[in-house]
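# Have a look at this fold, sequence not included:
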């Protein structure tokens, strides 16, 4: 497979020390920074999050995961360092390269912001592009692998947008969870502790 984009990004990272370090950070660290940033956004928005938003995010994540698993079995793409016989610039798995898990996670986090805080979509999209370029730069994935991941996340997000959830789910998530917990705990408290055996 002749992947001009991947080979160009890898060549830049291989021959330039600064580009190499940037590629390694983008490939291995940025996705974790995105996860931490996403958790911070969710924590900041917790009072405004609804059951419907949580439902859409769950559908998005579950569907993206299932699509990735199915397509990963149908599309076999050995990793670039194995095909081109080059040295990967960071620790890389030996399994099928399609799709890129790192890029998929970054893209799913980005897409989920449609229901959490749309103002941050551009910043997370930049982070996803950095992850994508990093994975190409260290020779972990071909262009089809990273773009396939973005495509999977996009399809999952579009399907999730079409899912109709009950109108009652438009209420805030935390009070609904507290109410559900109360419904579980209240009968236990009323009964009291179990009687001691004679």
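It's in. Bear in mind that the values here come from a model prediction, so they are computed numbers and not experimental data. Numbers count the residues shown, from 1 in each chain.

# use CA for all of it now, contacts and neighbours both
Noted.

# What strand or helix carries the most centrally placed residue in the chain?
Centroid check for the chain by C-alpha atoms, centre = their mean gives residue 105 as the closest residue, at 2.0 Å. Assigned by DSSP states H and E, residue 105 falls within helix 101-116.

# so how far is the following helix or strand past that helix off the chain centroid?
Next along the chain after helix 101-116, taking DSSP H and E as the criterion, comes helix 121-137. In terms of C-alpha atoms, centre = their mean, to the nearest Å, the centre of helix 121-137 is found 12 Å from the chain centre.

# ok now do the residue lying closest to residue 6 once chain neighbours are set aside, which residues does it touch?
Nearest non-adjacent residue to residue 6, counting by C-alpha to C-alpha, 6 or more residues apart in numbering: residue 136, 5.3 Å away. Going by C-alpha atoms under 8 Å, 6 or more residues apart in numbering, residue 136 touches 6-7, 9-10, 142-143, 146.

# Excluding residues flanking it in the chain, which one is nearest the residue nearest to the centre of the chain?
That would be residue 31: by C-alpha to C-alpha, 6+ apart, it lies 7.5 Å from residue 105.

# What's the local residue count around the one you found?
Close neighbours of residue 31, defined as other C-alpha atoms under 10 Å, add up to 25.

# ok, now residue 88?
Neighbours around residue 88, by other C-alpha under 10 Å: 17.

# can you check residue 121 too?
Residues lying near residue 121 (other C-alpha under 10 Å) number 17.

# per-residue pLDDT, it?
On pLDDT, residue 121 comes in at 97.

# I'd say it and residue 109 touch.
No. Contact criterion C-alpha atoms under 8 Å: residue 121 and residue 109 do not qualify, at 9.4 Å.

# for this protein, where's the lowest mean pLDDT among helices and strands?
helix 173-191 (a mean of 55; mean pLDDT, DSSP states H and E).

# What spatial separation is found between residue 50 and residue 103?
Remark: distance between residue 50 and residue 103 (C-alpha to C-alpha, to the nearest Å) = 27 Å.

# which of the two has more neighbours?
residue 103 (28 against 22).

# wait, what's in contact with residue 10?
Residue 10 makes contacts with 136-139, as judged by C-alpha under 8 Å, 6+ apart.

# which among those gets closest to residue 129?
residue 136 (10.7 Å; C-alpha to C-alpha).

# name the element the residue nearest to residue 105 belongs to?
helix 30-45.

# Can you tell me what sits against that helix?
Contacts of helix 30-45 (C-alpha under 8 Å, 6+ apart): 102-103, 105-106, 109, 116-117, 124, 127-128, 130-131.

# Of those residues, select the buried ones using a ChimeraX command.
Here is the ChimeraX selection string for the buried members of those, based on 16 or more other C-alpha atoms under 10 Å:
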select :102,103,105,106,109,116,117,124,127,128,130,131
